[in-house]
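Visitor: how would this look folded up:
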Amino acid sequence: MTACDGQSITQARANEHKVERNDMPLTLTLTEGVLPAGTENQAIEELTKSMLERHGLTGNSVMTPNITATLHVLPKNQTFSGGKPFSGAWVEWKVPSFAFADRGVQQGFFDDATDIIEKLSGNKQPRNQIYVNVVHAVDGAWNLDGKAMTNEELGQAIQQG
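Guide: The predicted structure follows:
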């Protein structure tokens, strides 16, 4: 038996259930040498885990796969403070405006993120050279399943996970 476009029914059903990602991206930018080579993936994993834990979303089937990350390791001559080269670490989230809205969540995650980078650096990266920030999207400007969703709609989808 085939669907009208020539796909099998099994293939058609599989396509019906594909979910487009509502990525809540983490960007981790490091000066080369801040973390020992090979520990960057662990940093991403621990930062993701902390974000989910701090929001009470550990194991949430909607949120967990939608936490994505990019890693940027830049040469020492491409990171600056006060216009002078230096070694830094930057942790940045792009999220809907309700994420990280609670002050306790902000403080807890920022502490976690700083601790994670400091620990993985072998306690060599100074805490005052680890930067954490959050960028919020405008309400209604977040995508889930190919549809722009309001915070309320997105919250409802997350609650189902």
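
Visitor: on the three-state scheme, the closest residue to Pro85 other than its chain neighbours is what?
Guide: Distances taken as CB to CB, 6 or more residues apart in numbering put Asn77 closest to Pro85, at 5.7 Å, once the chain neighbours are dropped. Any C-beta I mention is one placed from the backbone N, CA and C, and that applies to glycine too. Following DSSP: H, G, I helix; E, B strand; the rest coil, Asn77 is assigned to helix.

Visitor: not counting the lengthiest helix in the chain itself, show me its contacts.
Guide: For the chain, the longest helix by residue count, based on DSSP state H, is helix 103-120. With CB atoms under 8 Å, 6 or more residues apart in numbering as the test, helix 103-120 has contacts from 34-36, 39, 42-43, 46-47, 50-51, 54-55, 89, 91, 100, 125, 127, 130, 132, 134.

Visitor: and stretch 130-138, which residues are buried?
Guide: Ile130, Tyr131, Val132, Val134, Ala137 (16 or more other CB atoms under 10 Å).

Visitor: between these, which sits nearest Pro65?
Guide: Using CB to CB, Ala137 is the member of the buried residues of stretch 130-138 that lies nearest Pro65, at 18.7 Å.

Visitor: in stretch 47-65, which residues are buried?
Guide: Of the residues in stretch 47-65, those buried (16+ other CB under 10 Å) are Leu47, Thr48, Ser50, Met51, Leu52, Arg54, His55, Leu57, Asn60, Val62, Met63.

Visitor: name the helix or strand of the protein that has the lowest mean pLDDT.
Guide: helix 9-16 (a mean of 32; mean pLDDT, DSSP states H and E).

Visitor: how much space between the residue nearest the centre of the chain and Lys147?
Guide: The geometric centre of the chain, computed from its C-alpha atoms, lies nearest to Leu26 (CA atoms, centre = their mean), at 2.9 Å. As judged by CB to CB, to the nearest Å, Leu26 and Lys147 stand 23 Å apart.

Visitor: okay then, goodbye and thanks.
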